[in-house]
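Undergrad: mind looking at a prediction? Sequence and model below.
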Amino acid sequence: MVTDHARLSRLDLNLLVALDALLTERSVTRAAERLHLTQPALSSSLARLRAHFGDQILARRGNTYELTPFALRLTEHTTAALESARRVFESQAAWSPAESTREFSIYGSDYAFVTLGTIVSRLAAERAPGVRFRFSLHTPTIVEDAANRLRAADGMVLPHGHVSDLPFQDLWRDEWVALVSQTNDTVGEVLTMDDLARLPWVMTYQSRSAFTSAERQVQQLGIETRIEVVVESFLSVGHFLSDTHRVGLVQASLAPHLLGTAGLREVGLPFAPTHLVNALWWHPSHTRDPEHAWMRELFRDAGELVRAGIDAR
């Protein structure tokens with residue numbers, strides 16, 4: 001009986017590189033150019049891949065090639081597998097932050113990147129000038145599949161309540177504040193419950209898996225909100241409030257970034273909003289990685305600075 005290990009031992013890691021190029025370029029010629037190989041060499045790799053999978057991978061359609069349905073399913077897995085392999089072979093027994101050129105990849109929202117990510121990048125530049133960060137916006141699909149997505153990424157900055165059963169490190173505790181336009185004279189310094197039901201809203205995210213605790217709390221209070229705009233960005237909320245009668249909720253640490261640019265003012269809420277605790281989440285396979293541990297320390301220090309900024313408001 002052929003075991004999984006035996007099958008893997010017959011494979012060449014270069015085939016994974018070739019497969020990724022073929023799936024990305026959807027052309028033997030372009031994939032060969034990308035990898036700086038001759039076309040016959042890459043055609044040989046494609047033949048081996050076809051024999052291994054029992055699938056054409058690339059199928060001719062007229063004068064062009066298209067990925068087969070099976071190849072389309074492989075696309076996402078191949079990218080993750082190649083990234084994981086890269087991490088394995090880039091790991092070093094003795095790692096020095098000051099000499100490292102590693103790139104850390106982090107998922108999060110624009111809120112997380114503007115408040116925390118900017119501080120992380122600044123601290124990294126001071127402590128390890130060669131280290132880079134790649135900040136990528138998450139989506140509901142990525143959040144729902146966090147356990148798998150974080151195999152090929154270093155972490156995800158996300159409040160508690162969306163992800164579970166993964167290692168995490170709490171970063172900072174934030175609170176919700178309400179914003180309205182400076183030209184909105186229909187409300188005073190504090191919103192009333194009637195205001196919340198009467199005024200139109202700008203909501204951030206609105207789906208089964210994408211929501212904010214404050215918006216959910218408003219609904220739980222029995223308030224039927226009149227939603228005029230839904231945006232998948234916290235930074236853009238202010239632009240949809242400016243010169244309108246709308247109301248929006250944003251995080252206290254983000255509010256200063258909006259108040260000075262969109263002609264807004266902060267008003268009180270008629271209820272005590274639930275706090276949110278932002279955390280860095282990662283896959284268990286990264287826990288013992290000394291480079292990852294250094295990165296987590298960086299995020300911890302950045303979280304403390306964000307917290308200090310909130311306390312100083």
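TA: Here it is on my side, so go on.
Undergrad: ok, the spatially most central residue of the chain to A252 distance?
TA: Among the residues of the chain, the one closest to the centroid is Y107, at 2.3 Å (Cα atoms, centre = their mean). When Cβ to Cβ, to the nearest Å is applied, the distance between Y107 and A252 equals 22 Å. For every residue, glycine as well, the C-beta is placed using N, CA and C.
Undergrad: follow-up on the earlier one: beta-bridge partners for the residue nearest to the centre of the chain, please?
TA: S136, M156 (DSSP bridges).
Undergrad: make sure it is actually in contact with R149.
TA: Yes - counting by Cβ atoms under 8 Å, Y107 touches R149, with 7.1 Å between them.
Undergrad: mutual contacts of these two, please.
TA: Common neighbours of Y107 and R149 (criterion: Cβ atoms under 8 Å, 6 or more residues apart in numbering): 142, 156.
Undergrad: ok, D165 - contacts?
TA: D165 makes contact with A147 under the criterion Cβ under 8 Å, 6+ apart.
Undergrad: burial of L150, as a residue count?
TA: 23 (other Cβ atoms under 10 Å).
Undergrad: per-residue pLDDT, it?
TA: On the pLDDT scale, L150 is placed at 90.
Undergrad: please report the distance of the closest residue to it other than its chain neighbours from Y205.
TA: Spatially, and ignoring its direct neighbours in sequence, L150 is nearest to H283 (4.0 Å; Cβ to Cβ, 6 or more residues apart in numbering). Going from H283 to Y205 by Cβ to Cβ gives 24 Å.
Undergrad: output the helix or strand hosting A124 as PDB, restricted to C-alpha atoms.
TA: Assigned by DSSP states H and E, A124 belongs to helix 118-127. Presented in PDB, the C-alpha positions along helix 118-127 are these (Å, rounded to 0.1, in the frame of the first residue of the first chain):
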ATOM      1  CA  THR A 118       0.700  52.500  11.300                       C
ATOM      2  CA  ILE A 119       2.300  52.200  14.700                       C
ATOM      3  CA  VAL A 120       3.400  48.600  14.100                       C
ATOM      4  CA  SER A 121       5.200  49.700  10.900                       C
ATOM      5  CA  ARG A 122       6.800  52.600  12.700                       C
ATOM      6  CA  LEU A 123       8.100  50.400  15.500                       C
ATOM      7  CA  ALA A 124       9.300  47.800  13.000                       C
ATOM      8  CA  ALA A 125      11.300  50.400  11.100                       C
ATOM      9  CA  GLU A 126      13.000  51.400  14.400                       C
ATOM     10  CA  ARG A 127      13.800  47.800  15.600                       C
END
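Undergrad: what packs against that helix?
TA: On a contact count with 3 or more Cβ pairs under 8 Å, 6 or more residues apart in numbering; DSSP states H and E, helix 118-127 meets strand 132-137, helix 290-311.
Undergrad: can you say which of the ones you listed is packed in most?
TA: Stretch with highest mean neighbour count among the helices and strands packed on helix 118-127: helix 290-311 (a mean of 17; mean count of other Cβ atoms under 10 Å).
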